[in-house]
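1. Need coordinates for the following:
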Amino acid sequence: MQITNTPVPPDPSTPKSDDWYLVQCKPKQDERAEENLQRQGYECSRPVCRREKLLRGQLSCVKESLFPGYLFINMPEGANWAPLRSTRGVARVVAFGGRPLAVSHELILQLQSRADTHVISKFNAGDKVTILDQGFAGIESIFMSMDGEERVILLINLMNRQQQISLPVTSISTR
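-> Reported below is the predicted structural model:
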């Protein structure tokens, strides 16, 4: 009688490892891929950030992937990659020389701790902007910086003096 040691593919419900890998998603399907992988029991990380976007004429904060088209998945080394390839939203596992690209656990922890902590502004320091509402409507000013997540600091010229004011980010636009 001969006994062979056949490796069994890891079950997604087994304890998580420190092995993270990069997965490329189909275009505009990062969130879909993440949801489908999580439904299968895989631990995923898709760092997001809040970005200012002009939607229907209003400046709003929306969540976007920090790395559009990619996410990270936690799997033990030597795991069965076949279920990933058939997951909706997943294009492929990023590999070099036929081996999946490993990402350090420390990098994943850093990305998770920094993701979604600040708004990425569409304005840069020194940009000329126009105030849309409040008592300063129509006045041109200079964008200085973000003041928290929902407000901006502007430099305006009032009575021949430059003054700094803080307004909601939704009350300014580029010229």
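
2. Tell me how this structure divides into domains.
-> With domains defined by automatic domain parsing, the chain comprises 20-120, 128-174.

3. Let me have those domains in JSON lines, extended by mean pLDDT and mean neighbour count.
-> Just so you know, the C-beta spots here come from the backbone N, C-alpha and C atoms, and that holds for glycine as well. Shown next, in JSON lines, are the domains of the chain (pLDDT from 0 to 100; neighbours: other C-beta atoms under 10 Å):
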{"stretch": "domain 20-120", "mean pLDDT": "86", "mean neighbour count": "15"}
{"stretch": "domain 128-174", "mean pLDDT": "84", "mean neighbour count": "15"}
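
4. can you give me the helices in this structure?
-> Ranges of helices within the chain are 30-39, 82-85, 105-114, based on DSSP state H.

5. Which among the ones you listed is found nearest to residue 49?
-> helix 105-114 (9.0 Å; C-beta to C-beta).

6. So which elements touch that closest one?
-> strand 20-25, strand 43-45 (3 or more C-beta pairs under 8 Å, 6 or more residues apart in numbering; DSSP states H and E).

7. Present these as TSV; the columns should include distance to residue 106.
-> Formatted as TSV, the helices and strands packed on helix 105-114 follow (distance: least, C-beta to C-beta, whole Å):
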stretch	distance to residue 106
strand 20-25	10
strand 43-45	13
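
8. Kindly state which of these is positioned closest to residue 143.
-> Nearest of the helices and strands packed on helix 105-114 (C-beta to C-beta): strand 43-45, 32.6 Å.

9. Parallel or antiparallel, which strands does that closest one pair with?
-> The pairing partners recorded for strand 43-45 under DSSP bridges are strand 70-74 (antiparallel).

10. tell me the contacts of residue 88?
-> 29, 32, 33, 36 (C-beta atoms under 8 Å, 6 or more residues apart in numbering).

11. Please read the previous query as pertaining to residue 133.
-> residue 171 are the contacts of residue 133 under C-beta under 8 Å, 6+ apart.

12. related to what we said a few turns ago, from the contacts of residue 88, which single one is nearest residue 108?
-> residue 33 (16.8 Å).

13. is it true that the closest one touches residue 24?
-> No - with contact defined as C-beta atoms under 8 Å, residue 33 does not reach residue 24; the gap is 9.2 Å.

14. shared neighbours, those two?
-> Contacts common to residue 33 and residue 24, judged by C-beta under 8 Å, 6+ apart, are residue 90.

15. Let me see the contact set for the nearest residue to residue 62 once chain neighbours are set aside.
-> Leaving out its chain neighbours, the residue that sits closest to residue 62 by C-beta to C-beta, 6 or more residues apart in numbering is residue 53, at 5.1 Å. Residues near residue 53 by C-beta under 8 Å, 6+ apart: 59, 60, 61, 62, 122.
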